[in-house]
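Participant: quick one: sequence plus predicted model below, questions after.
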Amino acid sequence: MNLRHKCLALALTTSLAFFGCSAGTGDQNASPAAGGPPNGDGDGFLSFSLNLGPLGPNDRADVLMINAPDPGDPTNIGVNINNTTGRESEPPSAVSEGRDRPFHREQADLASFEAGRSVQPRFDETIQPRFEEIPQGGSFDFTLDGTVIPCQKILSEAQTVHCEIFAEVVDGTPVLDPASAVVVAQAWDSDNPARPGSGIYDQVRAQFGSEWNVNPAGGRDGDEKVVLVFLTEESAGGDGTFGFFRPVDELTKSQFPDSNQGEILYLNANVAPFDLLATLAHEFQHLVRFNQKVVQQGTFAGTNEDRTINEGCSVNAEEICGYSLTAPGGGNSFIFSTSRAYLNAAGSFNLFEGFNNGGRYYGGGYLLVKYFREQFGDAAFVTFNTNTAVGYDNMANVSGVGRYELWRRFSLAMLASGFAGSVPPEALFPSGFTTNGTYDVRDLGLATLPGLQPKQTLDASAQLNTSIIPYSVTLARITGGSTGDVVLLGAVGGVTIFDVLLQSPPGTVVNEVQQNFGL
């Protein structure tokens, strides 16, 4: 077995002997511990024993197992638990992972964009008539997936500052009336009702950077304003779709025939105001990030952002613009339900592989980006967003603490942000957010996040054989009742961190024990 696989065998025994409980200590030999994984292909394992001390009947030890490998390592480790005396945690009951968003469209469009941007030319076509030159009431046909959608310009140039608003025309009538368009324009341009004082446009740009607006002036369409297109639910994608951004719109029609050639966001006109404005913030982050990381003001020299990071930033954009879990009138149900989905499954999958539009990826991305933003501050957050690097390693580099240490701190926060006692400071969200907090959520009422759910719960004499999935928050929970010290005996292959929080009673931290391998 290759060292990359980070296989782990733990035998939990009771003993009065002390085998080493300080950070980074313990018996660490090149051969497996008794009962540990074999060296089937000649690779070595580090055996260890880690004394946790006595665990009384009402005490608990939470063992975080952390694996944040080099991004060049393609291995996606599956869960393989073989345990006879412990018990697997109860699977969470089926819950909604949050409202649907059409990010399957984004994935398809990214593939189309990559194919299209290799086609020349980029700037030798005449830029289409500027959207701002179309008069109020004038028509423009947008093309989506080969379908031409007739739209009408709803407001005049004098009524907007940073946006052009178009609406699909159905049976001669636009799906957005002028009064509703004025409300949207005001929230976008100057006075966001969820965060008064400035508009969604400026609030997103302050944290994430700029849309393509130079080279040429105004970006692909030559406009200084972002185009907002309101559609029927069917045209928007159906199935509860709220809105989307199409990367291919940054290409010319010779590169991609369905390109609408502009900085454009598409919205479902049937969505309630709170969710509609939250979606505007979410989708605008995608448009801005696409410029910062890929388009780079018309050079097209960049690389696509990791999808989990990108979606996590967009959900944070909703929160930054005031559409948060604690918003007046009820918190953001998408943030709540996706965070819950992640906490229920955080130990069972790699957050950066296999993105499948499930809520757990959005929730994990949101929580990771939120943790980074709160722990490392606005300056680091803006640097992370506006530099040309991408992915989790960009976040780790900007943090200054490295890939493994950042994931350890994030894992601790997922576990212990709601605990009492001697909670490590890196496990806290400065805002006071906790992973087991209760919120008044739109459409749900009072609802409580579940906290980090353990992959397995064991008693003090159990055995656990498992693989640590890269970029998971893998938790084994040990309950008390021993007559002596609880000692972890086992072997591990590859770079791994053990971080154990001892609690008495459960939820109140009294000590932290850490052991590192290969760092």
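Facilitator: Sure, I can see it.
Participant: mean confidence (pLDDT) on stretch 185-197, please.
Facilitator: In this model, stretch 185-197 has a mean pLDDT of 98.
Participant: show residues contacting that stretch.
Facilitator: Contacts to stretch 185-197, defined as CB atoms under 8 Å, 6 or more residues apart in numbering, come from residues 155, 159-163, 165, 198-201, 203, 228, 274, 277-278, 280, 320-323, 327-328. Glycine gets a C-beta too; all of them are placed from N, C-alpha and C.
Participant: quick one, which of those residues are buried?
Facilitator: When neighbours are counted using 16 or more other CB atoms under 10 Å, the contacts of stretch 185-197 contain these buried positions: 155, 159-163, 165, 199-201, 203, 228, 274, 277-278, 280, 320-323, 327.
Participant: tell me which of the contacts of stretch 185-197 fall in helices.
Facilitator: If you go by DSSP state H, these have 200-201, 203, 274, 277-278, 280, 320 in helices.
Participant: most widely separated two among those residues?
Facilitator: In terms of CB to CB, these reach their longest pairwise distance at Tyr201 and Phe274, which sit 17.9 Å apart.
Participant: which residues touch Gly402?
Facilitator: With contacts defined as CB under 8 Å, 6+ apart, the neighbours of Gly402 are Ala396.
Participant: before we move on, back to that, dump the ones in helices among the contacts of stretch 185-197 to TSV, plus pLDDT and distance to Pro193.
Facilitator: Shown next, in TSV, are the ones in helices among the contacts of stretch 185-197 (pLDDT from 0 to 100; distance: CB to CB, whole Å):
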residue	pLDDT	distance to Pro193
Ile200	98	10
Tyr201	98	14
Gln203	98	12
Phe274	97	9
Leu277	98	7
Ala278	97	11
Leu280	97	12
Ile320	98	15
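Participant: check which residues of stretch 133-140 are buried.
Facilitator: Taking 16+ other CB under 10 Å as the criterion, stretch 133-140 shows 134, 140 as buried.
Participant: export that stretch as PDB, just CAs?
Facilitator: Taking Å, rounded to 0.1, in the frame of the first residue of the first chain, the C-alpha atoms of stretch 133-140 are listed here in PDB:
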ATOM      1  CA  GLU A 133     -27.600  52.500 -26.100                       C
ATOM      2  CA  ILE A 134     -30.800  50.500 -26.300                       C
ATOM      3  CA  PRO A 135     -33.700  52.800 -25.300                       C
ATOM      4  CA  GLN A 136     -36.100  52.100 -22.500                       C
ATOM      5  CA  GLY A 137     -38.700  49.700 -24.000                       C
ATOM      6  CA  GLY A 138     -36.300  48.600 -26.700                       C
ATOM      7  CA  SER A 139     -35.800  45.000 -27.600                       C
ATOM      8  CA  PHE A 140     -32.900  42.600 -27.500                       C
END
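Participant: any idea of the mean pLDDT in that stretch?
Facilitator: pLDDT averaged over stretch 133-140 equals 97, rounded to a whole number.
Participant: and that stretch, how far out from the chain middle?
Facilitator: The gap between where stretch 133-140 is centred and where its chain is centred comes out at 38 Å by CA atoms, centre = their mean, to the nearest Å.
Participant: which residues touch that stretch?
Facilitator: Contacts with stretch 133-140, where a contact means CB under 8 Å, 6+ apart, come from 131, 150-157, 164, 166, 169.
Participant: please apply the same query to stretch 404-414.
Facilitator: When contacts are taken as CB under 8 Å, 6+ apart, the neighbours of stretch 404-414 outside the stretch itself are 64, 66, 68, 343, 346, 367-368, 371-372, 375, 395-396, 399, 401, 424, 426-429, 435, 452, 471, 473, 495, 497, 499, 501, 519.
Participant: what's the model's confidence in stretch 63-76, averaged?
Facilitator: Within the predicted structure, the mean pLDDT of stretch 63-76 is 73.
Participant: picking up where we left off before, could you single out the nearest of the ones in helices among the contacts of stretch 185-197 to Leu488?
Facilitator: Leu488 has its nearest neighbour among those in Ile320, at 41.2 Å by CB to CB.
Participant: for the closest one, give me its contacts.
Facilitator: The neighbourhood of Ile320, defined by CB under 8 Å, 6+ apart, consists of 195, 203-204, 207, 281.
Participant: try 6 Å
Facilitator: With contacts defined as CB atoms under 6 Å, 6 or more residues apart in numbering, Ile320 is in contact with Gln207.
Participant: could you do Leu267 as well?
Facilitator: Taking CB under 6 Å, 6+ apart as the contact definition, Leu267 lies against 230, 243.
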